[in-house]
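[1] dropping the sequence and predicted coords here.
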Amino acid sequence: MSFQNKVVVITGAANGIGKSIALAYGVLGSNVIVADKNEEQGLKVVSQINEQAIGKAIFVKTDVTIQDEVIYLINKTIELFERIDIVINNAGISTFKSFYDLKVEEWDQVLNTNLRSVFMVSQQSAKYMRNNGQGGAIVNIASTRATMSEPHTESYSASKGGILALTHALAITLGPDNIRVNSISPGWIEVSDYESLREIDHEQHPTGRVGKPEDIARACLYLTDDSNDFVTGTDLVVDGGMTRKMIYEH
């Protein structure tokens, strides 16, 4: 895989999965744009990349629910690097509360953050990708909750299901512009305290362990590698096989 000097925009890159993705591209020599609302944590990620990695990184404070800030993010990237090669739409929030108590404003906030942002960031980025001579690659972070649920997860599940549909629609629309669009559906990815997990947590997975952010970062690298240009419009499930395991209560 060659990512040297690629320009990579990652939303929600200050923590968790987004941070791991940013570090992965930085290590491989990419110019990474860390987009997030959390300036303090975002600047720490940028510092870590610039100190330890081959690539360069900048932070652009961005609320992905605000169109003007999305436009600024993309324009700033073009101003600094003159191109965009890869976009990772990772920003997301969740509100798990009783369906009967969920406020429409809370529903809108989840859908705007998780789904509408994917449309806006992809639209603004594709305008430049199609004119850079080589096209580009977009990866949208969905979830296994797009196709399976626990109670009271309506807004989150709807947003992630929307990402799956938007992904294949964009793949068809942007294909003629040499822009590939795929999604990743993570399963259980522990982003805080991996060591506190119980053995039973790991045993739920056919692979024998709970996922780590690095698992999703590697999936992003696969989907955005130029040599994998035959892969578009697909959803890559990265869940340790958990959604394929039949569970019977005895």
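    Ah, there it is. Residues are numbered from 1 along each chain as shown.

[2] got the contact list for the longest helix out of those in the chain?
    Taking DSSP state H as the assignment, the helix of the chain that covers the most residues is helix 154-174. Contacts to helix 154-174, defined as Cβ atoms under 8 Å, 6 or more residues apart in numbering, come from residues 89, 92, 94-96, 99, 102, 106-107, 110-111, 113-115, 118-119, 122, 126, 130, 138, 140-143, 145-147, 149, 180-183, 185, 232-235. All C-beta spots, glycine's among them, are computed from the backbone N, C-alpha and C.

[3] which among the residues you listed end up buried?
    Those of the contacts of helix 154-174 that meet the buried threshold are 89, 92, 94-95, 102, 107, 110-111, 113-115, 118-119, 122, 126, 130, 138, 140-143, 145-146, 180-183, 185, 232-235, by 16 or more other Cβ atoms under 10 Å.

[4] let's see which of these end up in strands.
    In strands, defined here by DSSP state E, the members of the buried ones among the contacts of helix 154-174 are N89, I138, N140, I141, R180, V181, N182, S183, S185, D235.

[5] distance of the third one relative to I10?
    The one in question is N140. Computed as Cβ to Cβ, to the nearest Å, the N140 to I10 distance reads 12 Å.

[6] grab the most central residue of the protein for me.
    In the chain, the centroid-proximal residue (Cα atoms, centre = their mean) is N90; its distance is 2.6 Å.

[7] got the contact list for it?
    Contacts here follow Cβ under 8 Å, 6+ apart; on that basis N90 touches I10, T11, G12, A13, I17, G18, I21, I141.

[8] so which residues lie in contact with the helix or strand that contains the fifth one, not counting its own?
    Secondary structure here is read from DSSP states H and E; on that basis I17 sits in helix 16-27. Counting by Cβ under 8 Å, 6+ apart, the neighbours of helix 16-27 from elsewhere in the structure are 3, 6, 8, 10-13, 32, 34, 36, 41, 45, 48-49, 52-57, 86, 88, 90-91, 141, 186, 189, 191, 212-214, 216-218, 220-221.

[9] for stretch 202-217, same thing?
    Taking contacts as Cβ under 8 Å, 6+ apart, the residues outside stretch 202-217 that touch it are 16-17, 19-21, 23-24, 141, 184, 186-191, 194, 197, 201, 238-242, 244-245.

[10] quick check on those residues: which are buried?
    Applying a neighbour-count criterion of 16+ other Cβ under 10 Å, the buried members of those are 16-17, 19-21, 23-24, 141, 184, 186-190, 238-240, 242.
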